[in-house]
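Participant: here you go, sequence then predicted model.
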Amino acid sequence: MPADHTPSQPLFIELLRHTGAAIRIFDMGRRVSKLTTDSFEKIEQARTPYPLPFLHHAWVGVLIWEPKQPEQNAIWFLKLPLDEQGFLVQAARDDLVRRLLENARNRQQGTPAEDALKDNPFAFKPDAEKMAIFHALAAKATGAPASAYFETAQAYCHGQIPLERWTDLAVQGLADLVIRLDESDNEQALAARVKEMPLPALNAIATLLEHVQPRVALRDALITRLDTLLASDDDNALAVAALARGLSNIADERCKQQQMLKIVQTAHAKEPEVIVAIASRATSALQAPEVLLPFLEVLAAGKGGQSAFSRVLADLMFMPAMRALIMQALRSPQRSEQLAAAVGEMFGQGFANVPSGRQ
């Protein structure tokens, strides 16, 4: 471990533990998912790089709650920069620790404690979708009831509200439904409902499903809707992107690869929304060479142009599991001239002219 990775102050996670509060940590980057406190401690100690980087940052949600003192509960959202190796930049981490220590000193001296994140350059506000999922997860984790919007979403899912009444649904209610699929046969009911749901409702629910792992019945219902959309000549890029996201976290990796490849082989894949959905959410499917190269071809030919190609590729290559695979694919004998040109524009012609096996 490089010497400059060594933390110069106490661990952030240790200070939180010392308060006696219960702590949950979530990654908030590509999707909302749990991080164990032990894994976050290793990240802080620079024993391991951040496992889920997004746009060269660690996007973290911290839930702190005190069952006996609910007024002390807190939620922090932190966007922490990563170095070129994927480790936390220690200056940012140390700034958080300094603020926590200052808060603790103020509390001991009887001085009103300031918000530890007040004016913090590393704080961020998640978008509405991620915020809704986070609150749904937090409620379930702390034993709190779902939001007031949950019952309407559940009734719609179970067919107790007409399909055309999708405008009655709130994002928070749908997020609560998705997080509580294991309750009241919600998942089976949703699987049946997805098959006939209007596109606006389908888009909203499919997008939220990326944060959980749909089981077989719901997965197959999403695939059926995807097949219908891909066979249509209509401009359904938003729905295709939403379904790509909804299928991006399914357990069957081979099935996931098949669905992403199916999308990549259609004209829909050139739309920016679809490209971003696959690149940012279905990254594990791209680890299959038979999916990765066609995706890179579509990325090079996409409507976002060279700037989108360079941004998406740079983000993917920041992930340790993807970098070597992408470098190998970019030098494939099967790469097109268009892909070679895009690579040359991004890395320089010296890279693009490395023999691909066709020269």
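Facilitator: Alright, I've got the coordinates. These numbers come from a predicted model, not from an experiment. Numbering: from 1, shown residues only.
Participant: now residue 186: how far from residue 153?
Facilitator: 9 Å (CB to CB, to the nearest Å). Bear in mind the C-beta positions are built from the backbone N, C-alpha and C, glycine included.
Participant: of those two, who's got more company?
Facilitator: residue 153 (29 against 20; other CB atoms under 10 Å).
Participant: anything in contact with each of residue 186 and residue 153?
Facilitator: residue 177 (CB atoms under 8 Å, 6 or more residues apart in numbering).
Participant: does residue 234 belong to a helix, a strand or coil?
Facilitator: coil (DSSP: H, G, I helix; E, B strand; the rest coil).
Participant: neighbours of it, just the number please.
Facilitator: Neighbours of residue 234 (other CB under 10 Å): 9.
Participant: now do the helices in the stretch 51-200 of the chain.
Facilitator: For the stretch 51-200 of the chain, applying DSSP state H, counting those that start in this stretch gives helices covering 90-108, 128-142, 150-157, 171-179, 186-194, 199-208.
Participant: just those: most buried one?
Facilitator: For the helices of the stretch 51-200 of the chain, average neighbour numbers computed from mean count of other CB atoms under 10 Å are highest in helix 171-179, which has a mean of 26.
Participant: what is that helix packed up against?
Facilitator: helix 128-142, helix 150-157, helix 199-208 (3 or more CB pairs under 8 Å, 6 or more residues apart in numbering; DSSP states H and E).
Participant: and residue 137, how far is that from residue 54?
Facilitator: 18 Å.
Participant: sorry, that was for residue 333
Facilitator: Residue 333 is 32 Å from residue 54, by CB to CB.
Participant: more neighbours, the two?
Facilitator: Each of residue 333 and residue 54 has its neighbours counted (other CB under 10 Å); residue 54 has more, 19 against 9.
Participant: does that one touch residue 31 like I think?
Facilitator: No: applying CB atoms under 8 Å as the test, residue 54 and residue 31 come out as separate, 9.5 Å apart.
Participant: quick one, what contacts residue 267?
Facilitator: Contacts of residue 267 (CB under 8 Å, 6+ apart): none.
Participant: switch to 10 Å and redo it
Facilitator: Neighbouring residues of residue 267 by CB atoms under 10 Å, 6 or more residues apart in numbering: 230, 233, 235, 237, 274, 298.
Participant: swap in residue 162?
Facilitator: Contacts here follow CB under 10 Å, 6+ apart; on that basis residue 162 touches 156, 168.
Participant: same check, this time on residue 345
Facilitator: By CB under 10 Å, 6+ apart, residue 345 lies in contact with 300, 306-307, 309-310, 352.
Participant: repeat that for residue 156.
Facilitator: 162-163, 165-166, 168-169, 173-174, 177, 189-190, 193, 197, 201, 205.
Participant: residue ranges with poor pLDDT in the stretch 251-359 of the chain?
Facilitator: 349-359 (pLDDT under 70).
Participant: mind listing the helices for it?
Facilitator: 253-264, 272-281, 289-301, 305-317, 320-330, 337-347, 349-352.
Participant: any idea which of those is most buried?
Facilitator: Stretch with highest mean neighbour count among these: helix 272-281 (a mean of 22; mean count of other CB under 10 Å).
Participant: which other helices and strands contact that helix?
Facilitator: Packing contacts for helix 272-281, counted by 3 or more CB pairs under 10 Å, 6 or more residues apart in numbering; DSSP states H and E, involve helix 237-246, helix 253-264, helix 289-301, helix 305-317.
Participant: can I get the last one in CSV? Just the C-alpha atoms.
Facilitator: Right, helix 305-317. Extracted in CSV, the C-alpha atoms of helix 305-317 (Å, rounded to 0.1, in the frame of the first residue of the first chain):
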residue,chain,number,x,y,z
GLY,A,305,-20.8,11.2,-30.8
GLN,A,306,-17.2,11.2,-29.8
SER,A,307,-17.7,13.1,-26.5
ALA,A,308,-20.1,10.5,-25.3
PHE,A,309,-17.8,7.7,-26.4
SER,A,310,-14.9,9.1,-24.5
ARG,A,311,-16.9,9.9,-21.3
VAL,A,312,-18.5,6.4,-21.1
LEU,A,313,-15.3,4.6,-22.0
ALA,A,314,-13.3,6.5,-19.4
ASP,A,315,-15.8,5.7,-16.7
LEU,A,316,-15.8,2.0,-17.6
MET,A,317,-12.0,1.8,-17.7
